[in-house]
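Participant: Give the three-dimensional model of this entry:
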Amino acid sequence: MRKLRVPKTDLLRNENSLGRSDVDNAKKINMIKNMKLYLASGNEHKRIEMQQILPEFEILIPKDEGIEFEPEETGSTFYENSMIKAKALWDIVKAPVIADDSGICVDALGGAPGIYTSRYAGPEFMKGRPDGKKIPQDEQNRLLIEQLNAAKSDNRSCHYTCSIVLMLNPDRFFVAQETFEGKLIDSIEKQAGTGGFGYDPIVFLPEYGKTVAEISADEKNRISHRGKAVKIIKTILSALFEKK
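Facilitator: Residues are numbered from 1 along each chain as shown. So this is what the prediction gives:
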C-alpha cells in the first residue's frame, strides 16, 4: 500500500497557525473572564441582573470591596445621574465602571416619578422626603397607583427608562439608553409576581398578560430597559476586545 506523505514544512505551518489562533482566542477569553467591572450602585438586585446579562465579567459593587459610595445625584436626567455615578466611582477604583440610572415614568403624571423613582414618597413628596429617608417599596407602589387614580386619567401607560454609562476613563466612555413599556395596574390588590424588584409587581405587560414581576428573569433581561441597554454595552465591550 502506498503511503501518502505530507511535507513536514506544511505540517509545521498548519500547527503553528492553529497554535497562534488558539493562543489568541485563549488570551481574549481569559482577559474577559479576569476583567472586573465595577457597578456604581449599592443595589444588589441591579448587580444580580447585570451579572446575568454579562456573565463573562465579574460584576462588583462598591461594598464588595469595602468602598463607601453615596454620590449626590444632582442631575436633571437619567443620563446626567449615570455620568455622575460613573465618574465618582472611577475616581476611586481607577478601573472600568458601569453606572446605571433608571426609574419608572408614568405618562399621565408628566413622566413622574422619573429620576426620583427611588426617593418617591407620594404626591406630597414627589422628590423624596425632606429627611431623606426612603419609604418601603410596597408603600411606594401603593402611593403611585393612588396618585394615578386620583388624576382620573384613562391613560395608564408607563415606562421604565435606563441610562447606562460604561466608563473606561473620564475621556473615554460609552452611553446606552433604553425604555421598557407597560401599564400601571389600577389597584394595589392586583399586584402580582415575586420576580424582579421595585415597581415590577404593579407594571402590567399587555402582550404577556402578566406583570413584570411574573415573567422569568431570562425574559425580563431580554426585553427590559436595563437588559436592552446592557446588551448594547456588551456589544461595545466585545468590539473593544476584538481590537486587542
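
Participant: residue ranges for the helices of this structure, please.
Facilitator: Shown for the chain, the helices assigned by DSSP state H span residues 8-33, 44-53, 78-93, 137-150, 217-223, 225-242.

Participant: Residue 201 touches residue 192, doesn't it?
Facilitator: Yes - under the criterion of CB atoms under 8 Å, residue 201 is in contact with residue 192, at a separation of 6.0 Å. For every residue, glycine as well, the C-beta is placed using N, CA and C.

Participant: anything in contact with each of those two?
Facilitator: Any residue near both residue 201 and residue 192 by CB atoms under 8 Å, 6 or more residues apart in numbering counts here, and that gives 211, 213.

Participant: Settle it for me: which of those two has more neighbours?
Facilitator: Taking neighbours as other CB atoms under 10 Å, residue 201 and residue 192 compare with residue 201 leading, 23 against 15.

Participant: what's the pLDDT at the more buried one?
Facilitator: For residue 201, the pLDDT comes out at 98.

Participant: Could you pull up the residues touching it?
Facilitator: In this structure, residue 201 makes contact with 141, 191-194, 211-213, judged by CB under 8 Å, 6+ apart.

Participant: By pLDDT, rank those residues and give me the bottom one.
Facilitator: Lowest pLDDT among these: residue 194, 94.

Participant: what's the closest non-adjacent residue to that residue?
Facilitator: Take residue 194 and drop its neighbours on the chain: the residue closest to it by CB to CB, 6 or more residues apart in numbering is residue 213, 6.3 Å away.

Participant: What spatial separation is found between the one you found and residue 61?
Facilitator: The spacing between residue 213 and residue 61, counted by CB to CB, to the nearest Å, is 22 Å.

Participant: Residue 182 is in contact with residue 156, correct?
Facilitator: No - with contact taken as CB under 8 Å, residue 156 and residue 182 are classed as non-touching, separated by 9.2 Å.

Participant: out of these two, which sits in the more crowded spot?
Facilitator: Comparing residue 156 with residue 182 by other CB under 10 Å, the one with more neighbours is residue 182, at 22 against 18.

Participant: could you list every residue that touches the more buried one?
Facilitator: Neighbour list for residue 182: 157-160, 203-206, 212 [criterion: CB under 8 Å, 6+ apart].
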